[in-house]
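Trainee: Predicted model, plus sequence, below.
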Amino acid sequence: MLASPLPDSLDALLDGALRPGGLRALFQPIVRLEDRQVVAHEGLMRHAHADMSPLRLLDRARTAGRLGELETHAARTLAQAFDFDRGGRLLVNLSAHAILQGALRPQQVIESLQSAGRDLSRFVIEITERDIVEDVGRLADALGYLRAAGIRIALDDFGNGHSNFELWHELGPEYVKIDRYLIHEIAQSPGRLSIVRALVQVADSLGTDLIAEGVERLQDLAIIQDLGIRFAQGYLLGRPSSVVSDTAPEEIRQATREKLPVWPLDGRRSAFPKVTAAHLLIEAPSIDDQASNFEAEQLFRQHPQLPALPVIDHDGRPQGLINRRVFNERMAVPFARELLGRKPCIQLMHASPIMADVGQSIDAMSEILLGEDQRYLSDGFIITRDGRYAGVGTGEALVRRVTELRIEAARYANPLTLLPGNIPIAEHIARLIEARQSFMAAYCDLNHFKPYNDQYGYFRGDRMIRLVASTLVKHAEPRWDFVGHVGGDDFVVLFQSDDWERRCQEMVGEFNTASRALFDEADVARGVLEGEDRAGRYATFPLTTLTIGVAPVEPGRFSTAEEVASQAAAAKRRAKRLNLGLHILDAVDAAS
């Protein structure tokens, strides 16, 4: 085992690192999860001539009072080595300690980054802190100079060390990086999942994008993506390298999971972050900014439903919107067509249209509804992809979708059983379909529940419903099998377990046995309930039992959750007709 370097040798290594060429640059990709694209890299410094921990080098520089010098040198090295044409944005680490001690002034940082000759908006400063920040206000003030220059701010290692909510709230970073501790094995940790879910909610309210660090497993990647975290970093997505990555690993881009993890009920989140401007996008014609008003008039005639016409430049970047009503009124003025017809259409456009990127969440877009600028009601808004025109959205669609999502959030869980309701059931089916997962859709229903409810009352009826819920949950595999409550005595289980048939049989058998305790002894002894049928005549009814109908779902067979639900309901109806506790729909059943 090699002895640790003596202090004077550490100083020599520090001196070497501060010389030109004394540091080498590595870059680790950051991937946008919605499309698996590399959009940024974190720059990592390494000693060029020694196998030495960068943290140890930083500690030595701090002790020697040279931390600002080292970090400035590292920032310059990273900026000059980075391939901006392929690598997206560059994240550079700076310590809060150096900034607060005056060892690192904002202008030094700006000059270091400007040495690369790139727009400063391409940089993100990651604020790292291994000690408690006692004067957050001073730090926020210093970072304000960087922001004024166009640099964005990220808070590093949140959930470990000294990154805390005070820093997050006072600094208002554009990005917060969730520490590896919270991300690694999150698929197996309800505690980590609950914490990260809370962080997602905070990020939503503060307008912060989250970056999940330390992603090393596909199942963890699936969890964080479902939570709505947009960006991720880790060995699974790419290791640090001297060469930037312009694509995510093939394994990630083509990943097909054998099973899709199921989230605990309290680990799910609002649907808002999952619905973006892309879901409102309408493909609509645009017009070149060099075109004439006559050409704009012709497009409006060809597309009578178009409320406004986007104007774009030769690179496809939006320049404005021509409102149909305003345009027609201007052109209807006497002699206007003669005077304006051949003039550039930009003369009649609104040069500051409301715009949204395809990845912008509906939650963020809902702020448009609260603003003073209400042009979206008549003009709609432009939707862009990477800054270029992609389509339009209408104000009516935005209002309708925001309203629907708020209703969905209020109806998310069944109040009696606390199991997911119709919306999360449909969402989970859609996830399975989109991931091309094979699964079994089971529809569970009680036989003769109405006579029971009529005779014993709603209180005992609720106890029986809760018994169904607890029985299904008990025999489902929580990692892979999703249990939902449609309403009343209707339940759905979406099985990915290989032994799903055995589980269904156990569900039916256990419920039918346990439910006897919910009947009066006399009714159990008779084996029937006495009561009135729908016509008011005396009748007897069998004791309540559980029926499960199962529909196999193979990749490509169904395209919507509604189709799957209908097929599962058909399996349940056939099971009841055949008086079976369990029936599996086959091809003949499906066609009938």
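Mentor: It's in. Numbering: from 1, shown residues only.
Trainee: Any buried residues in stretch 290-304, and which?
Mentor: Within stretch 290-304, the residues scored as buried using 16 or more other CB atoms under 10 Å are 291-293, 295-297, 299-300. The way it works is simple: take the backbone N, C-alpha and C, and place the C-beta from them, glycine included.
Trainee: typo on my end, it should be stretch 415-422
Mentor: Buried positions in stretch 415-422, judged by neighbour count with 16+ other CB under 10 Å: 417, 419-422.
Trainee: Can you list which of these are found in helices?
Mentor: Taking DSSP state H as the definition of helices, those contribute residue 422.
Trainee: So which of the buried residues of stretch 415-422 is the closest to residue 229?
Mentor: Among the buried residues of stretch 415-422, residue 420 lies closest to residue 229 (CB to CB), at 20.5 Å.
Trainee: My understanding was that that closest one contacts residue 413; is that so?
Mentor: Yes: counting by CB atoms under 8 Å, residue 420 does reach residue 413; the two are 6.1 Å apart.
Trainee: In this structure, which residue is most central in space?
Mentor: residue 228 (1.9 Å; CA atoms, centre = their mean).
Trainee: picking that back up, mind putting the buried residues of stretch 415-422 into a markdown table with distance to residue 330 and pLDDT?
Mentor: Output for these, formatted as a markdown table (distance: CB to CB, whole Å; pLDDT from 0 to 100):
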| residue | distance to residue 330 | pLDDT |
| --- | --- | --- |
| 417 | 60 | 88 |
| 419 | 58 | 88 |
| 420 | 53 | 87 |
| 421 | 51 | 87 |
| 422 | 49 | 88 |
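Trainee: picking up where we left off before, inside helices: which ones of the buried residues of stretch 290-304?
Mentor: Residues of the buried residues of stretch 290-304 located in helices (DSSP H): 293, 295-297, 299-300.
Trainee: With respect to residue 551, which of the residues you listed is nearest?
Mentor: Closest to residue 551, out of all of these and judged by CB to CB, is residue 299, at 47.7 Å.
Trainee: The closest one reaches residue 310, doesn't it?
Mentor: No: shown here, residue 299 and residue 310 do not form a contact pair, counting by CB under 8 Å, at 10.3 Å.
Trainee: Now do the same contact list for residue 51.
Mentor: By CB atoms under 8 Å, 6 or more residues apart in numbering, no residues touch residue 51.
Trainee: do residue 299 as well
Mentor: By CB under 8 Å, 6+ apart, the residues touching residue 299 are 285, 287, 306, 309.
Trainee: Give me the buried entries from those.
Mentor: When these are checked for burial by 16+ other CB under 10 Å, the buried set is 287, 306, 309.
Trainee: Restricted to strands, list these.
Mentor: The members of those that map onto strands under DSSP state E are 287, 309.
Trainee: Report the lowest-confidence entry in the buried ones among the contacts of residue 299.
Mentor: Least confident entry in the buried ones among the contacts of residue 299, by pLDDT: residue 306, with 85.
Trainee: What's the separation between that residue and residue 296?
Mentor: 11 Å (CB to CB, to the nearest Å).
Trainee: what's near enough to touch residue 185?
Mentor: With CB under 8 Å, 6+ apart, residue 185 has these contacts: 192, 217, 220.
Trainee: Just the pLDDT at residue 12, thanks.
Mentor: On the pLDDT scale, residue 12 is placed at 88.
Trainee: Could you check the helix or strand hosting it and say which residues are buried?
Mentor: Element membership of residue 12, judged by DSSP states H and E, is helix 7-18. Neighbour counts over helix 7-18 (16+ other CB under 10 Å) mark 10-11, 13-14, 17-18 as buried.
Trainee: For that helix, which outside residues touch it?
Mentor: Residues outside helix 7-18 that contact it (CB under 8 Å, 6+ apart): 5, 22-23, 47-50, 52, 56-57, 60-61, 64, 66, 69-70, 73.
Trainee: please redo it, this time with the cut-off set to 6 Å
Mentor: 22-23, 47, 49-50, 60-61, 73 (CB atoms under 6 Å, 6 or more residues apart in numbering).
Trainee: got it, and stretch 192-209?
Mentor: With contact meaning CB under 6 Å, 6+ apart, stretch 192-209 is reached by 175-176, 182, 186, 210, 227-228, 230, 267, 269.
Trainee: Please spell out which residues along that stretch are buried.
Mentor: The neighbour-count check on stretch 192-209 (16+ other CB under 10 Å) flags 192-193, 195-197, 199-200, 203-204, 208-209 as buried.
Trainee: Among the residues you listed, name the ones in helices.
Mentor: If you go by DSSP H, the buried residues of stretch 192-209 have 192-193, 195-197, 199-200, 203-204 in helices.
Trainee: farthest-separated two in these?
Mentor: Among these, the pair separated by the greatest distance (CB to CB) is 192 and 204, at 18.7 Å.
Trainee: what's the distance between the closest residue to residue 530 other than its chain neighbours and residue 448?
Mentor: Of all residues not flanking residue 530 in the chain, residue 540 sits nearest, at 5.6 Å (CB to CB, 6 or more residues apart in numbering). Taking CB to CB as the measure, residue 540 and residue 448 are separated by 10 Å.
Trainee: which of the contacts of residue 299 are the two that sit furthest away from each other?
Mentor: When CB to CB is used, the two most widely separated members of the contacts of residue 299 are 287 and 306, lying 10.7 Å apart.
Trainee: follow-up on the earlier one: for the contacts of stretch 192-209, which one is nearest residue 167?
Mentor: Residue 167 has its nearest neighbour among those in residue 176, at 9.3 Å by CB to CB.
Trainee: Toward the C-terminus, what is the element adjacent to the helix or strand that closest one falls within?
Mentor: Per DSSP H and E, residue 176 falls inside strand 175-178. Next along the chain after strand 175-178, taking DSSP H and E as the criterion, comes helix 180-183.
Trainee: Show me what that next one is in contact with.
Mentor: With CB under 6 Å, 6+ apart, helix 180-183 has contacts from 159-160, 192, 195-196, 212-215.
Trainee: for stretch 459-467, same thing?
Mentor: For stretch 459-467, the external contacting residues (CB under 6 Å, 6+ apart) are 416-417, 453, 518.
Trainee: Apply 8 Å and report the result again.
Mentor: With contact meaning CB under 8 Å, 6+ apart, stretch 459-467 is reached by 416-417, 446, 449, 452-453, 488-489, 511, 514-515, 518, 544.
Trainee: All the strands of the stretch 201-350 of the chain, residue numbers only.
Mentor: Under the criterion DSSP state E, counting those that start in this stretch, the stretch 201-350 of the chain contains strands at 209-212, 231-232, 287-288, 308-312, 318-323.
Trainee: Distance to residue 92 added to the ones you listed, as CSV?
Mentor: Below are the strands of the stretch 201-350 of the chain laid out as CSV (distance: least, CB to CB, whole Å):
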stretch, distance to residue 92
strand 209-212, 14
strand 231-232, 16
strand 287-288, 39
strand 308-312, 34
strand 318-323, 31
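Trainee: Good, we can wrap up now.
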